[in-house]
Each structure stands twice: as C-alpha cells, then as structure tokens.
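Undergrad: sequence first, then the predicted structure:
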Amino acid sequence: MISSIIFIILAIASTAFFIYNAKKVRRNIFLGRDVDISGDSSKRLNTMLRVAFGQSKMATRPIPFILHLFVYVGFVLINIEVLEMVVDGLFHTHRVFSFLGSFYNFLIGFFEILAFLVTFGCAVFLIRRNVVHVKRLAMKELSGWPKMDANIILCSEIVLMSALFLMNAADQTLQARGNEHYHTAGSFPISHFIAPLLSGMSDGGLVFIERFCWWLHIFGIFGFLNYLPYSKHFHILLAFPNTYLSNLNPKGKFTNLDSVTDVVKPNFDPSYQPVTDPNNPQRFGAKDVFDLNWKQLLDAYTCTECGRCTSSCPQNITGKTLSPRKIMMDTRDRLVEVGKNIDANKGTFVDDGKSLLGDYITNEEIWACNTCNACVQECPVNIDPLSIITDLRRFLVMEQSTAPTELNGMFSNLENNGAPWQFSPADRANWVNEN
Amino acid sequence: MSDTIKVSTMAEMAASGETPEILFWVGCSGSFDDRAKKITRAIVRILNHVNIKFAILGMEESCTGDPAKRAGNEFLFQMQAMQNITTLNNYSIKKIVTGCPHCFNTIKNEYPQLGGQYEVIHHTQLVQELINEGKLKVQGGEFKGKKIVYHDPCYLGRANDVYEAPRDVIKNLDVDLVEMKRSKAKGLCCGAGGAQMFKEAEKGNKEVNVERAEEALAENPDVIAVGCPFCNTMMTDGVKHFNKEDKTKVLDVAELVVKANNL
C-alpha cells in the first residue's frame, strides 16, 4: 500500500517536472521567428516514418546502425514490460500479464534478449567513445559536458538493463522455490545465467533484491525522462517532429528573403505588392538565436551530437575550424543561455551583450562553408546546419558589410560586370569564335 | 571535328521572328574561363550535331547570382535574378539547358519564387535524353575500355538528386566507369562551392580539392569526368598538385562525348 502511494506520487511528480521542463524547451524554440511549414502532410508523415521511425538514414554506416538499432528497438519494446511492472507495482500483483501463457513466456524471453542487445550496444558505444576514440566521437567540441552527457546516457541504460536482469534472476529463483507470491511465469534466457549466483540467499534476501531492482528500474525511468530536456538525448522524442517538419524542397534551394524581394522587386515590377510588414522590419540574416526561425531552433534541440555531419564536411576533413555539429551545439547552448536569462528576469530577456555570432560561432567558421549540403545529407534526423550558416553569412554581408575582402571584390565584379570576375559583359560571347 | 560552330543569340532569333527549342544558359565560367570555354564549345557541338534549334543570350546573359546568394548577399542575388528573369520572360523562354550545375540549381529552384518559371535541365541530362531518344548515337572512340571516375558536383547531385544522367552518358561510351569511395549522395565537394572559388581557404591542413583529387587518383583513372566548370578547375589543379596531369585528364562529360565521336 505504502509502496503504491510512493509510486503514484513519484509518477505524478516526475511527469509534472518533465512537462514543466518540456514547456520551457518549447518556449525557447518559439523564441525563433515564425516560419510557415504546413501542407504535404502525407509526404511529411512518410518522411517521419521512414527517417525517424525506420532509421533509414542511419543505414549508411552499418556498425553504428546495427548497434543503435539494438538500443532503439530495445528501448521502445521493453516499455511494454515496464507497463506490466507499473501495474504490478500499483496493485501488488506478480506478472499480471502472465495469463497470456506461453505467449507471455515468449515475450519475457524476447525482452531479455533485447535487453541484452541494448546492454551490448551501449557497452560498444562506450568503448567507441572512451577507448577506441572514433574520430567523430572524440573531437574537441565534445570535451567537457557533451562527453559526460553521452557517458551518463550510456551508463544509465546499462544500469537500467542490469536492474531488469537482476530482478528477473531473483524472481525466477523465488518461483523455483515455490514462493507463494512469485508464481511461475516468464522465461529467462539471459538472467538464468545470473540466477545461480543468488541460490545461497534467503527468500527474504531475494525479495529484497527483486524489490530493490524494481524500484531502481522505476526510479531510473523517471529519472531518465527528466534528464532528457537537459541532454542531447532529447533526440529520442524530437526526432519525430523534426523529421515531420523536414525541408521537402531540393537541398539546393536556399530560402528567399521576402524582405529583400520587397525592396528589389518593385524596381522591376511596379505592380508588385510587398509581403512583409514595413512597421516590423526584421534584421537581414541572423546574429543571434532570435533571428533564426523556430525550425532551426528545433533542429538545435534535436541534435544528438553524433557528428556524421562534421565527419562528412569537406572543410572539417581538411582541418578547418568549421564543424556543422558545433554550429548546432552552439545554437542550442546559446538558446539555453537565453532561456535561463528569461527565467531569471521574470519572463523577459535582458540584453546580456552576447550573441550566437561572435560569442559562440566565429566568422572564420562560417566563411569556410562550401554549402555542399553534405552535412544536411548525412543527418539521420534531417537537421539543416547549412541554413543557419547561410543566415549568419547574410547578417555579416547585409547588416555588417564584413565579408572577406576577396568576396567583396567578387560582389563588386558582379554588380559592375554581371560576372564574378573582372571581364567585360561585351566579351561574354567571345567563345563562339575562339578555338 | 569541324572547326566552326553555329550559335545564334536570342536577339538575332527574335529579330528574324524565330523561336528556339531551348535556351543554352552558358554561365560566367563557360563564357569567360579559358578552360570552361572549351566545354561550352563541346556542348554546342553536340547541339549542332543533333540540329537542335537553340539560342544563347550572349551579352544579355548575366550571372545568375549564385555566388552572391551562397555568400549571403541576398540583395545582389535578387538584383541579378530579377534582371535575368526580366530578360528571359521578355523572350518568353520556356526551356533552358545550362552548362553549369550552379546556374542549373539557381534558375531551377530559386528563380520561380521571383517570377521566373522555366523547365531547366543540366547539359548531362540533355545529352542523356538525346541518347535515349536515339537522336545522338555515341561510341567509345578513344575512351573505349578506359578507366573513368566520375566526380559528382554538389549542386547537381546532393542539391538536386541528379546522379544517374551523367553516369548513363559515360556508360554509353563503353568505358570502365569506377566510383570513388565517396560518391553520389556521399560525394565530397571539390572545394569551389559556397563562393569558396573566389576566396582563399581558411587555415587548415589541406586544400579540399587536393583531398578530392587524391581520392579520385587512388582509382588510377585515365579520366576524371566532371559536370561542372568549377569542379573542372578544382580537380585539374588537384591533379597537377600530384603531378599526374600526363596520366589523368580532367574532362567534362560533354567533352568526352564530343572527343569520342569526333563531333
């Protein structure tokens, strides 16, 4: 009875705290400019099912794909068992779904195998990060908290799975002893290897272990849920909306700046009606997170820092400072900082003299970009670092006029000659008569 | 190979009341860069060979604005775009073939929103169509059995998902088409895009074009085939960096077709 009450209080408190934090994330995301992402719902649903649910973009790198699949499928399906654990906890039953008979035994056995694969996957991931030092997982932008975050996630999952195994080992030992509460149910292809280690314990000791692991698992799940909004691991939820809201245009199509069109187009088409609000002029491009749109900010919260983008970036490969992953991490870090500022100042942002461009991302980084879309192509959850880089460039060029000198030369050639080089437009068709 | 090519400008055609089947958008590189001008002439030889009635804008063509747009200068881009759209619409242009993936991408994807709606294809797509329709018969000629590696231009490949048209054309030449480790959607940029062509690279430990040329040369090819004048420049420089220019040539897909068939 007391345990049921504790459980209910815990469930309500952790859900409430999660919603409180998730709402903060939502508020932060919508600090971004509005952008119309609507229509094409069947195409969007298809993209979400294929890319997020079906993990289609992971498959290009087979080893992490398989290991991640273990963890992903295990995480999703083991929740069915957690549902039973919750019911058992609330009503003081034992394996309440065991009336399913042999199908139940199959399920419990299957979940144990999944749990083993999750443990295996996480262990290999830990080795890849901390022992083998896979290049994209050991870059300097990950030092400190991001590395710690990754290790916390992996270790937590191993602890959760271990609790499950130990719980089942104690349970099956009690079942074998004919303990009244622990009636025979389930099959235990993994934990029966652990059970012999417990054979010398008293019934009371076994019940303690079984209950302790149950609570550990329950606490672990609620703890993990509340860790998400603070962690890169939030991707397990945001991957779904983020892929649903994917850019469906060809990757080469960059956004059109309507505010610029409103200035340029009347020169060519006197009947043109401006589309932006002249009373609410917006900065050209982006200097800070407020200048990005909410989808770009959702991208930042969705990023799980896997670094596929950076490992495919031609500039990063050749030793430049540009790293698309760092662009996303910086955007999120700045947004979190802005969010804390708002919280500390009763709901309004007080200028802190800082900005995304300058304090987080340097000009050198963004001027290195080839706009080749390799990062966009690689991202398993359809994040678009290039759109942020482009908006930062727009700010530098159109608001600050601080493009690299050679690019300013290119711009003036374009203006004067209609070509990026210093050639006369009159010579444009000279090739016709040259051999 | 005949020495002369036949080229009309839109102004000439309009003056004589004619309408071209297709407008050939030459692009700045194809107009002014000495190496790229050869590619432009190769494209024209193919168009002449199959008797397509085409026109160029000539002096009325101006940069699409691609490098300005990628560099963040949206004002300059839209000025260029509006100027070109006005010219194209005045001539009631419906269909455009470009010799450059950057022009292709910009006109196809970024002009419609500013009032320029055209059917736009890249020259490798046009050549593929001509071969498929039986209008252009090709054979391998000097390239028969030669090892050719194709480098995907970012703005044709990833940006617009055109991976097969250039490869299909090359395959029609009876060559040994090989793939680099990073190809198609995973292809590595040549280093020119995003207006990098017009500036020095940031500090690093390697030039992007050297990295890419090294990867292409690892296949030990006779030819590195490209579909973009900027990739051509970058790959040519990369091959020279490794002193392999005698063994490995960098050629546009259009040049392969023209050379193999003496067009």
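TA: Received the coordinates, thanks. Residues are numbered from 1 along each chain as shown, chains lettered A, B, ... in the order given.
Undergrad: ok, the residue of the stretch 151-263 of chain B found nearest chain A - contacts?
TA: Going by Cβ to the nearest Cβ, chain A is nearest to B:Ala159 of the stretch 151-263 of chain B, at 2.8 Å. (Glycine included, C-beta is placed from N, CA and C.) Neighbouring residues of B:Ala159 by Cβ atoms under 8 Å, 6 or more residues apart in numbering or on different chains: A:Pro250, A:Lys251, A:Gly252, A:Asn373, B:Pro101, B:Asn105.
Undergrad: most neighbours among these, which one is it?
TA: B:Pro101 (30 neighbours; other Cβ atoms under 10 Å in any protein chain shown).
Undergrad: from B:Gly191, how far out is that residue?
TA: Distance, B:Pro101 to B:Gly191, using Cβ to Cβ, to the nearest Å: 15 Å.
Undergrad: can you check A:Ala286 too?
TA: As judged by Cβ to Cβ, A:Ala286 and B:Gly191 stand 26 Å apart.
Undergrad: re the thing from before, now go through the contacts of B:Ala159 and say which are in strands.
TA: Applying DSSP state E to those, no entry is found in strands.
Undergrad: list just the nearest of these to B:Met235.
TA: Within the contacts of B:Ala159, the smallest distance to B:Met235 is 13.9 Å, found for B:Pro101 (Cβ to Cβ).
Undergrad: could you report the neighbour count for A:His92?
TA: Using other Cβ under 10 Å: A:His92 sits among 10 other residues.
Undergrad: tell me the secondary structure at the spatially closest residue to it that is not a sequence neighbour.
TA: Leaving aside its chain neighbours, A:His92 sits nearest to A:Ser4 (6.9 Å; criterion: Cβ to Cβ, 6 or more residues apart in numbering or on different chains). For A:Ser4, the assignment made with DSSP: H, G, I helix; E, B strand; the rest coil gives helix.
Undergrad: which stretches of the stretch 251-400 of chain A aren't confidently modelled?
TA: Filtered on pLDDT under 70, the stretch 251-400 of chain A yields no residues whatsoever.
Undergrad: tell me which stretches of it form helices.
TA: Along the stretch 251-400 of chain A, the segments classed as helices by DSSP state H, counting those that start in this stretch run A:258-264, A:294-302, A:308-312, A:314-317, A:324-344, A:363-367, A:374-378, A:385-394.
Undergrad: for B:Leu23, find the nearest of these.
TA: helix A:258-264 (23.2 Å).
Undergrad: tabulate the CA atom coordinates of the closest one in CSV.
TA: Taking Å, rounded to 0.1, in the frame of the first residue of the first chain, the C-alpha atoms of helix A:258-264 are listed here in CSV:
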residue,chain,number,x,y,z
ASP,A,258,11.0,38.3,-48.7
SER,A,259,12.2,41.4,-47.0
VAL,A,260,14.8,41.8,-49.8
THR,A,261,12.3,40.9,-52.5
ASP,A,262,10.1,43.8,-51.2
VAL,A,263,12.9,46.2,-51.8
VAL,A,264,14.3,44.8,-55.1
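Undergrad: who touches it?
TA: By Cβ under 8 Å, 6+ apart, helix A:258-264 touches A:274-276, A:281-282, A:284, A:398, B:74-75, B:78-79, B:82, B:113-114.
Undergrad: list the buried residues for it?
TA: Going by neighbour count (16 or more other Cβ atoms under 10 Å in any protein chain shown), the buried part of helix A:258-264 is A:Ser259, A:Val260, A:Thr261, A:Asp262, A:Val264.
Undergrad: equivalent analysis for stretch A:224-240, please.
TA: For stretch A:224-240, using 16+ other Cβ under 10 Å, the buried residues are A:224-229, A:231-240.
Undergrad: which ones are touching residue 236?
TA: Just so you know, I chose chain A. Residues in contact with A:Ile236 (Cβ under 8 Å, 6+ apart) are A:Phe75, A:Leu228.
Undergrad: ah, I was thinking of chain B
TA: B:Thr236 makes contact with B:Arg35, B:Glu245, B:Val250, according to Cβ under 8 Å, 6+ apart.
Undergrad: now the buried members of those residues.
TA: B:Val250.
Undergrad: I'd like the contacts of B:Thr236 laid out as TSV, including distance to chain A.
TA: Output for the contacts of B:Thr236, formatted as TSV (distance: Cβ to the nearest Cβ, whole Å):
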residue	distance to chain A
B:Arg35	11
B:Glu245	21
B:Val250	18
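Undergrad: output the longest helix belonging to chain A.
TA: Criterion DSSP state H: the longest helix present in chain A is helix A:145-176.
Undergrad: which helix or strand lies directly C-terminal to it?
TA: Per DSSP states H and E, helix A:145-176 leads on to helix A:203-227 as the next helix or strand towards the C-terminus.
Undergrad: outside of stretch A:399-406, which residues touch it?
TA: By Cβ under 8 Å, 6+ apart, the residues outside stretch A:399-406 that reach it are A:283-285, A:287, A:363, A:367, A:393, A:396-397, A:408, A:411, B:71-73, B:198-200.
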